[in-house]
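Colleague: What follows is a predicted structure for the sequence shown.
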Amino acid sequence: MDTDVAIIGAGPAGLALACALEGSGLKVTLLERAPEAAIADPAFDGREIALTHRSQAILRDVGAWERIPAAETAPLREAKVINGASPLALHFAPGADGEPLGRLVPNHLIRRALFDCAAAGQDARLVAGRSVTGLALLPKEARVTLDGGQEVRARLVVAADSRFSESRRRAGIGAAMLDFGRTMIVARVSHEQPHEGIATEWFGHGQTIAMLPLNGEVSSVVLTLPPHKAERLMAMTPEEFGAEVTKRYEARLGQMRLVATRHAYPLVAVYAHRFAGRRFALLGDAAVGMHPVTAHGFNFGLSGAEVLAARIRRAADPGEAGVLAGYASAHRRATLPMFLGTNAIARLYTDDRAPARLARAALIGAGAALAPV
């Protein structure tokens, strides 16, 4: 098979890039190890994505936003950060225009909308149910070998195959990995008290718990715990889990009840040493895998796809070194400060030693009083 751009991984970032390249005249081939049915109609995975205004605009531009049912999205009207038992809190409110900070959208619905968008176009094709077994990056072309020996020749290969990217390793690109030694449990819960569209992040002692406001009296609980404690909660009955979350959240929203499936994810942050190489680029979590505490990871995947597509569209050769160097530089400038800052916040606010407690209390107090902080 010959193509202009081969994208390894048909997740949100890979699909977004394919959609953004529609109409460019370039042939795009998506290579995905999962079967097509799992990509076309992905299962609910518990994750609610906080989409920024820019991300919503990107999805709108590629024709995916209108494919997401409006009733399934929820406005994020305000955000609040709490530290331990301190009465002080940081508040993030909308600007003067009154627009919400963002919108919460189920991850599986975004993925489905992007798949439908790519499938409706003329330039992208999907090769599903096939694993990549080899990668050769040559001066004039790249070659991707699939299981069974079939070869795909492309002018550019883009790896968007998760933060544990096999393609990144095959390209000889390393990555800084930070394993936080924690597991994140996500689940939808109903509750007695209204959330009023306010997202809360509470850094307690021995746990971090976030409540993301969905439609009605329902929230997505994001509970971060040591793995052995997370395993215990995952093994509880639905009734026991609801009671446990109520207790851990100190009944701030009244009694809680589990209303959907639970999902557990290990917390590992990743930052690639390079975002591009010869005839090769990294995108999405393969480039930057964020800790979810600042809710930027998914948004960086979309913005990276937008930046890369814009540079490819302007080029005679999508795999030309200058094109990829420009993308890598722009994406690094956009992501590195937030990556480092997010990791620093996550480590400080999950450290229960006395010096860390004093430092984070001082920062919360300063932030509550001084807007620049």
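Modeller: Thanks, I have the structure now. Residues are numbered from 1 along each chain as shown.
Colleague: So for stretch 366-373, what gets flagged as buried?
Modeller: Going by neighbour count (16 or more other CB atoms under 10 Å), the buried part of stretch 366-373 is Gly367, Ala368. (Glycine included, C-beta is placed from N, CA and C.)
Colleague: what's the answer for stretch 118-126, then?
Modeller: In stretch 118-126, counting by 16+ other CB under 10 Å, buried: Ala118, Ala119, Gly121, Asp123, Ala124, Leu126.
Colleague: those strands in the stretch 1-150 of the chain, which residues are they?
Modeller: Ranges of strands in the stretch 1-150 of the chain, per DSSP state E, counting those that start in this stretch, are 2-8, 28-32, 48-51, 74-76, 78-83, 89-92, 102-106, 124-128, 132-137, 142-146.
Colleague: what number of residues lie near Pro355?
Modeller: By the criterion of other CB atoms under 10 Å, Pro355 has 8 neighbours.
Colleague: so is it in a helix, a strand, or just coil?
Modeller: What DSSP: H, G, I helix; E, B strand; the rest coil gives for Pro355 is helix.
Colleague: repeat for Pro194
Modeller: Reduced to three states by three-state DSSP, Pro194 is coil.
Colleague: if we can go back for a sec, would TSV of the buried residues of stretch 118-126 with distance to Val62 and pLDDT be doable?
Modeller: Converted to TSV, the buried residues of stretch 118-126 look like this (distance: CB to CB, whole Å; pLDDT from 0 to 100):
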residue	distance to Val62	pLDDT
Ala118	9	97
Ala119	13	97
Gly121	9	95
Asp123	12	95
Ala124	11	97
Leu126	16	97
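Colleague: Show me the shaky parts of the stretch 251-373 of the chain.
Modeller: Judged against pLDDT under 70, the stretch 251-373 of the chain has no low-scoring part.
Colleague: That one: strands as residue ranges?
Modeller: Assigned by DSSP E, counting those that start in this stretch, the strands in the stretch 251-373 of the chain fall at 256-258, 263-272, 276-277, 280-282, 288-289.
Colleague: Tell me which of these lies nearest to Gly23.
Modeller: Proximity to Gly23, assessed across the strands of the stretch 251-373 of the chain by CB to CB, is greatest for strand 280-282 (20.3 Å).
Colleague: for that closest one, packing partners?
Modeller: Applying 3 or more CB pairs under 8 Å, 6 or more residues apart in numbering; DSSP states H and E, one finds that strand 280-282 contacts strand 151-159, helix 321-349.
Colleague: Any idea how far apart the tips of stretch 282-295 sit?
Modeller: 20 Å (CA to CA, to the nearest Å).
Colleague: next one: that stretch to chain centre, how far?
Modeller: Centroid displacement of stretch 282-295 relative to its chain, using CA atoms, centre = their mean, to the nearest Å, is 6 Å.
Colleague: likewise stretch 255-270?
Modeller: Centroid separation for stretch 255-270 versus its chain: 15 Å, with CA atoms, centre = their mean.
Colleague: Stretch 90-110 too?
Modeller: 15 Å.
Colleague: Span of it from start to end?
Modeller: End-to-end distance for stretch 90-110, by CA to CA: 30 Å.
Colleague: From here on, call the first residue 56.
Modeller: Sure thing, new numbering starts at 56, so read that last one as stretch 145-165.
Colleague: Which positions within that stretch qualify as buried?
Modeller: In stretch 145-165, the ones that count as buried by 16+ other CB under 10 Å are Leu145, Leu156, Gly157, Arg158, Leu159, Val160, Pro161, Asn162, His163, Leu164, Ile165.
Colleague: same thing with stretch 391-404?
Modeller: Residues of stretch 391-404 classed as buried: Met393, Phe394, Thr397, Asn398, Ile400, Ala401, Tyr404 (neighbour count, 16+ other CB under 10 Å).
Colleague: I'd like to know which of the residues you listed is nearest to Ile94.
Modeller: Nearest member of the buried residues of stretch 391-404 to Ile94, counting by CB to CB, is Phe394, at 27.8 Å.
Colleague: Could you count how many residues lie near the residue nearest to that closest one when sequence neighbours are not counted?
Modeller: Leaving aside its chain neighbours, Phe394 sits nearest to Tyr326 (5.4 Å; criterion: CB to CB, 6 or more residues apart in numbering). Residues lying near Tyr326 (other CB under 10 Å) number 20.
Colleague: so how far is Pro347 from Tyr326?
Modeller: 15 Å (CB to CB, to the nearest Å).
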